[in-house]
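S.K.: output the structure for:
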Amino acid sequence: MMTNQKHSATLPPTSGHWQLNHCKTVHCQNFGSRNPDDYIIQRTNPNRPAFICKECGAFPPLISNINVIAEWRYLKLQQSNGLPACTNLDCDNLGLPVLTHRHLYHAFGYSGDRQRYRCKNCQATFVDRWSGFNPKHQIQQKLLALLFTGHPIRDICRRLGMNPKTFYDQLNHIASRCRRQLSVFDTRLLQNRSQLALACTLSPLQPHAANGVYWIASCEANSGYVVSQHINYHPEQAGTPDPLHDPYSPNARFLARQENSAPAAAQTAPQGLLAKVDAKYREVLSRPHLEDPSSDQYIEHFPVKGNLIRPQYAVYAHFLQLNEQVSDDTQLMLFMPQEPLLRSACLSVFLNRIRSGTIEPVYVEEDPDWPQGNAAGRIDIVLLGWWRDRWAFTRHGEVGKGICHLGGEKDNEARWLQLATHRAVDEYQQRFYQQFSQLVDEPRRKARPGGLLPLLDIYRAWHNLCRQDRNGLTPAQQLGIMASPLTLEQLLN
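M.R.: Below you'll find the predicted structure:
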């Protein structure tokens with residue numbers, strides 16, 4: 001009882017300067033306030049810990065700042081896995097590769113024919129594993145060619161004379177080289193733009209698996225260049241899951257298996273875009289946890305190895321990674337589907353940008369046949385949901401589109417209806433699934449999603465640097481950060 005009283009008097013402890021629990025109503029005077037006296041901390045319902053803003057009555061769930069930062073550090077470590085970068089979890093240079101941050105490291109001799117480096121901050125040393133020639137690039141090219149043409153793993157192993165363990169070892173090596181290539185082009189894109197439009201979405205990694213694994217990806221909205229992607233799964237066992245989400249617990253981000261879960265009842269799909277948006281608001285308010293899309297889902301195939309992470313922690317960490325990657329001088333536009341988790345993470349992580357007006361966060365919902373870049377016709381303004389979000393809808397024949405500026409901007413709806421879209425990142429995820437549907441839908445992989453992790457990195461590199469559109473241009477070429485597409489040999493060598 002004393003513990004609950006103590007917790008109810010304050011917000012979850014900060015991690016460094018990060019406090020992600022605050023009022024997220026942009027026009028409220030408590031927006032961004034870290035003062036506990038501005039809120040009523042609610043802990044009466046253990047399945048939905050939340051607080052209430054005394055000014056506007058908003059009730060966002062609480063989240064553990066310490067666990068969000070821990071998840072962010074884990075994602076940085078995974079993203080730099082195999083790259084020449086500092087791996088000290090307590091160092092400020094964690095995950096920052098030598099290829100793009102040479103000023104942070106000293107060249108420190110060689111280990112055989114490979115370059116060694118030393119971190120200027122913590123003095124840790126490491127070796128660039130891929131600084132030499134790749135003697136296995138030919139077999140790796142054949143492996144990728146067979147994989148991208150739909151051959152099963154067993155058939156690839158038979159054709160190349162390798163066992164499954166060797167196959168996955170080679171796949172991990174290829175993924176590391178792809179991350180190395182991408183780190184250079186990502187930096188060219190994100191650090192040299194006065195204006196940048198990003199599209200972000202959250203969807204199941206394996207649509208037919210019901211395993212609770214979500215895939216969040218962000219790409220440049222026009223070219224489709226994918227700048228970052230993560231999933232809410234750790235292939236290794238790293239913590240003890242709590243049955244209930246407690247934002248004051250050191251293991252708050254780990255999701256435990258629910259023994260008494262039941263499948264959700266099938267819902268009739270609403271007709272019309274306005275009805276779909278309104279139905280989404282009702283569905284969100286019916287969730288046990290407002291910012292956890294998995295909280296009302298039946299997880300049939302819980303991963304047998306590793307840890308499943310609560311989606312909100314992976315999404316917050318994803319936006320923290322974007323915040324670090326994008327230059328402070330860049331005017332950022334962020335387009336996303338209607339999902340309160342994406343909204344809440346954006347408003348918390350980019351709080352300073354919202355206050356300074358250097359970010360434009362926009363909800364976008366459109367019919368699949370909406371013509372891209374089409375100018376808006378008559379615009380109807382509708383206030384929807386408990387939050388009274390200001391949506392603008394327009395129609396073109398039988399199809400429609402709607403937007404909601406989450407920063408509260410008004411009188412510029414026509415511009416956002418023409419400009420805002422997250423179609424590029426949706427199509428990227430759909431192509432991945434179509435390309436590797438046989439592997440993604442493999443029955444035994446429903447409870448073993450870890451095998452898809454290297455494939456995600458490989459596909460992102462191929463999509464950004466090798467895949468050409470109808471005009472013969474890759475996403476990187478469209479952005480002017482490379483002159484010609486890379487061949488598989490150039491990608492791997």
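
S.K.: C-alpha from now on. contacts and neighbour counts both.
M.R.: OK.

S.K.: where's residue 284 relative to residue 52, distance?
M.R.: 17 Å (CA to CA, to the nearest Å).

S.K.: so who does residue 79 touch?
M.R.: Residue 79 sits next to 95, 179 when contact means CA atoms under 8 Å, 6 or more residues apart in numbering.

S.K.: flag the shaky bits of this structure, pLDDT-wise.
M.R.: Along the chain, segments meeting pLDDT under 70 span 1-9, 42, 45-50, 132, 259-267.

S.K.: just give me the residue right at the centre of it.
M.R.: Closest to where the C-alpha atoms of the chain average out (CA atoms, centre = their mean) is residue 216, at 3.2 Å.

S.K.: give me the secondary structure label for that one.
M.R.: With DSSP: H, G, I helix; E, B strand; the rest coil as the basis, residue 216 sits in strand.

S.K.: which residues of the stretch 151-300 of the chain fall in helices?
M.R.: Taking DSSP state H, counting those that start in this stretch as the criterion, the stretch 151-300 of the chain carries its helices at 153-160, 164-190, 273-285.

S.K.: out of those helices, which is closest to residue 122?
M.R.: Proximity to residue 122 (CA to CA) singles out helix 164-190 among the helices of the stretch 151-300 of the chain, at 22.2 Å.

S.K.: need the helices of the stretch 151-300 of the chain in CSV (columns: distance to residue 40 and mean neighbour count).
M.R.: Formatted as CSV, the helices of the stretch 151-300 of the chain follow (distance: least, CA to CA, whole Å; neighbours: other CA atoms under 10 Å):
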stretch, distance to residue 40, mean neighbour count
helix 153-160, 55, 15
helix 164-190, 40, 19
helix 273-285, 19, 16
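
S.K.: closest to residue 108 out of those?
M.R.: Residue 108 lies closest, by CA to CA, to one member of the helices of the stretch 151-300 of the chain: helix 164-190, at 19.8 Å.

S.K.: list the helices and strands the closest one packs on?
M.R.: Applying 3 or more CA pairs under 8 Å, 6 or more residues apart in numbering; DSSP states H and E, one finds that helix 164-190 contacts helix 153-160, helix 453-465, helix 488-492.

S.K.: let's see it at 7 Å
M.R.: Packing contacts for helix 164-190, counted by 3 or more CA pairs under 7 Å, 6 or more residues apart in numbering; DSSP states H and E, involve helix 453-465, helix 488-492.

S.K.: quick check: which of those is buried the most?
M.R.: Each of those was scored by mean neighbour count; the highest is helix 453-465, a mean of 21, by mean count of other CA atoms under 10 Å.

S.K.: counting by contacts, list what that helix packs against.
M.R.: On a contact count with 3+ CA pairs under 7 Å, 6+ apart, helix 453-465 meets helix 164-190, helix 475-478.

S.K.: okay, the angle between that helix and helix 164-190?
M.R.: Between helix 453-465 and helix 164-190, the angle comes out at 40 degrees (axes from the mean of the first three to the mean of the last three CA atoms, to 10 degrees).

S.K.: and residue 377, that's in a helix?
M.R.: No. Applying three-state DSSP, one finds residue 377 to be coil, outside a helix.

S.K.: neighbours of the closest residue to it other than its chain neighbours, how many?
M.R.: Counting by CA to CA, 6 or more residues apart in numbering, residue 394 is the residue found nearest to residue 377 once chain neighbours are left out, at 6.1 Å. For residue 394, the tally of surrounding residues (other CA atoms under 10 Å) stands at 22.

S.K.: got it, and the one 4 residues further on?
M.R.: When neighbours are counted by other CA under 10 Å, residue 398 registers 9.

S.K.: one more: residue 133?
M.R.: By other CA under 10 Å, neighbour count at residue 133 equals 11.

S.K.: over to residue 245?
M.R.: Residue 245 has 23 neighbours, counted by other CA under 10 Å.

S.K.: which strands or helices does the biggest strand by length in the chain pack on?
M.R.: Counting by DSSP state E, the longest strand found in the chain is strand 195-204. Applying 3+ CA pairs under 7 Å, 6+ apart, one finds that strand 195-204 makes contact with strand 214-220, strand 331-336, helix 423-435.

S.K.: out of the helices and strands packed on helix 164-190, which is closest to residue 477?
M.R.: With CA to CA as the measure, helix 453-465 is the member of the helices and strands packed on helix 164-190 nearest residue 477 (8.0 Å).

S.K.: now the closest one against helix 423-435, angle please.
M.R.: Here helix 453-465 runs at an angle of 130 degrees relative to helix 423-435 (the same axes, to 10 degrees).

S.K.: which residues touch helix 453-465?
M.R.: 171-172, 175, 178-179, 182, 225-226, 474-476, 485-486 (CA atoms under 7 Å, 6 or more residues apart in numbering).

S.K.: and which of those residues is nearest residue 78?
M.R.: Checking the contacts of helix 453-465 against residue 78 by CA to CA gives residue 179 as the nearest, at 10.2 Å.

S.K.: now for that closest one: which residues touch it?
M.R.: Counting by CA under 7 Å, 6+ apart, residue 179 has contacts residue 457.

S.K.: if I look at it, how far off is residue 31?
M.R.: Residue 179 sits at a distance of 38 Å from residue 31 (criterion: CA to CA).

S.K.: equivalent analysis for residue 65, please.
M.R.: Counting by CA to CA - residue 65 and residue 31 are separated by 17 Å.

S.K.: those two - which one has more neighbours?
M.R.: Taking neighbours as other CA under 10 Å, residue 65 and residue 31 compare with residue 65 leading, 25 against 19.

S.K.: now residue 467: how far from residue 477?
M.R.: From residue 467 across to residue 477, the span is 10 Å (CA to CA).

S.K.: same question for residue 271.
M.R.: Separation of residue 271 from residue 477 (CA to CA) stands at 40 Å.

S.K.: ok, the two, which is more surrounded?
M.R.: Neighbour count, other CA under 10 Å: between residue 271 and residue 477, residue 477 has more, with 19 against 8.

S.K.: still on that earlier bit, quickly run through the sheet partners of the longest strand of the chain, with directions.
M.R.: Next to strand 195-204 in the sheet, as set by DSSP bridges, lie strand 214-220 (antiparallel), strand 331-336 (parallel).

S.K.: pick the most buried one from those strands.
M.R.: Stretch with highest mean neighbour count among the strands paired with strand 195-204: strand 214-220 (a mean of 24; mean count of other CA under 10 Å).
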